[in-house]
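Participant: fold the following and give me the result.
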Amino acid sequence: ALKNSIFYAPQLQKSVYLTGGNYASTDSTGMISVVLYPDMAFGDLNNDGVDDAAVILAENGGGAGVFYSLVVIVSNGLEFEQIDNFYIDDRPAIESIEIKDGNILLNATVHSLTDAMVEPTFNVERTYRLLNNKLTLISQSSVTSTGTDRYIQIDTPVEGSEVSADVEITGSMAI
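Facilitator: The predicted structure follows:
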């Protein structure tokens, strides 16, 4: 059903109707396209007991770039709706996407600051969560060129805490 649905393409800033997971059109800037990445993840993201979907849209606005976004489709009790998205990168290599314990786990190779646009080399593991219907990156880890894990883990304040005035953040980091 997702391959034949209306999506809001966040980079093109327009709604498109996918047929077989694809959309193509010509406008004043040239050929534009939107492709639904074949790997998708299903699981409950909003704690309503109904499986939701995490998908990836690849958008091309007529130039060389193909801009990938993580898009979430959730049940609102009556139907499924696209509620938010998060930009991933221009032409990343997607390794895997899954939903586990209400989180979206994405493994990909994206561009580092020094990469040429045609060849991303920065391997990342990202975890996203829906917080108040907003897709939020809650963690990212990577590996240095010497093989050392690189991450920051925040332990406090815990999710959902209300804070005021000064706040002490505790946690750890590998490097």
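Participant: which residues touch residue 67?
Facilitator: Counting by C-beta atoms under 8 Å, 6 or more residues apart in numbering, residue 67 touches 11, 58, 59, 60, 61, 87, 89, 90. From N, CA and C alone the C-beta is placed, and that goes for glycine too.
Participant: so what's it bridging to?
Facilitator: Beta-bridge partners for residue 67, by DSSP bridges, are residue 59, residue 90.
Participant: distance-wise, check it relative to residue 57.
Facilitator: 9 Å (C-beta to C-beta, to the nearest Å).
Participant: also residue 24?
Facilitator: Note on residue 24: its distance to residue 57, by C-beta to C-beta, is 14 Å.
Participant: looking at the two, which is more packed in?
Facilitator: The neighbour comparison of residue 24 against residue 57 (other C-beta atoms under 10 Å) goes to residue 57, with 26 against 12.
Participant: pLDDT score assigned to the more buried one?
Facilitator: Note for residue 57: predicted pLDDT of 98.
Participant: how about it, what does it touch?
Facilitator: Residues in contact with residue 57 (C-beta under 8 Å, 6+ apart) are 7, 9, 10, 34, 35, 36, 37, 68, 69, 71, 85.
Participant: please redo it, this time with the cut-off set to 10 Å
Facilitator: Neighbouring residues of residue 57 by C-beta atoms under 10 Å, 6 or more residues apart in numbering: 7-12, 16, 18, 21, 23, 34-37, 67-71, 82, 85, 88.
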